[in-house]
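Asks: Provide a 3D model corresponding to the input given below.
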Amino acid sequence: MDKSDKPNWNKWIKSVMVAVAEKPGLIFPAIYQLYILSPESWYRKYPFLPLPDKRWLRFRMETAYGDPCYVPNPREIAKFLDWTRTN
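Replies: Sure thing, here's the model as predicted:
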């Protein structure tokens, strides 16, 4: 995996923050998703942030969008968080 294959965490974080800022009711689903998608003992490994496993994220983006490096826009993230709240 070269650098271009790694998730762009800055874009991901920005996209999630914009989605939650536009719909504040999504803050709790966003926190819950962060909790369940974070690997165990995330606080023991650099970068010491509760980020999903990059291999899992690449797989999910490739199966959903056909591009392992795709970063969903805030509208897509809001739609996903709405969906998790109702299911």
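Asks: now Ile31: which helix or strand?
Replies: Applying DSSP states H and E as the criterion places Ile31 in helix 27-37.
Asks: report the buried residues of the helix or strand just after that helix.
Replies: Proceeding C-terminally, helix 27-37 gives way to helix 54-65 as the next helix or strand, assigned by DSSP H and E. Of the residues in helix 54-65, 57-58, 61 count as buried by neighbour count, 16 or more other C-beta atoms under 10 Å. Yep, even glycine has a C-beta here, placed from its N, CA and C like the rest.
Asks: need the per-residue pLDDT for the spatially most central residue of the chain.
Replies: Geometric centre of the chain, nearest residue: Trp12, 6.1 Å, by C-alpha atoms, centre = their mean. Note on Trp12: pLDDT of 91.
Asks: and for the one 10 residues further on?
Replies: pLDDT, the model's per-residue confidence, is 96 for Glu22.
Asks: what does Ser4 give?
Replies: Reported pLDDT for Ser4: 58.
Asks: could you do Phe28 as well?
Replies: pLDDT at Phe28 comes out at 96.
Asks: tell me the contacts of it?
Replies: Applying C-beta atoms under 8 Å, 6 or more residues apart in numbering to Phe28 gives the contacts Arg85.
Asks: mind checking how far it is from Arg60?
Replies: As for Phe28, its distance to Arg60 is 22 Å (criterion: C-beta to C-beta, to the nearest Å).
Asks: ditto for Asn87
Replies: Asn87 is 16 Å from Arg60, by C-beta to C-beta.
Asks: do the same with Tyr35
Replies: 17 Å.
Asks: how about low-confidence regions in this protein?
Replies: When residues are selected by pLDDT under 70, those of the chain lie in 1-5.
Asks: got the CA coordinates for stretch 48-64 in CSV?
Replies: What follows is stretch 48-64, C-alpha atoms only, in CSV (Å, rounded to 0.1, in the frame of the first residue of the first chain):
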residue,chain,number,x,y,z
PHE,A,48,-3.8,7.7,19.2
LEU,A,49,-7.2,8.5,17.7
PRO,A,50,-10.3,6.3,17.4
LEU,A,51,-10.1,5.9,13.6
PRO,A,52,-11.5,2.9,11.8
ASP,A,53,-9.1,0.3,10.5
LYS,A,54,-7.8,1.6,7.1
ARG,A,55,-8.0,-1.8,5.4
TRP,A,56,-11.7,-2.0,6.4
LEU,A,57,-12.3,1.5,5.3
ARG,A,58,-10.7,0.9,1.9
PHE,A,59,-12.8,-2.3,1.5
ARG,A,60,-16.0,-0.5,2.3
MET,A,61,-15.3,2.5,0.0
GLU,A,62,-14.3,0.1,-2.8
THR,A,63,-17.5,-2.0,-2.4
ALA,A,64,-19.7,1.1,-2.1
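Asks: perfect, that will be all.
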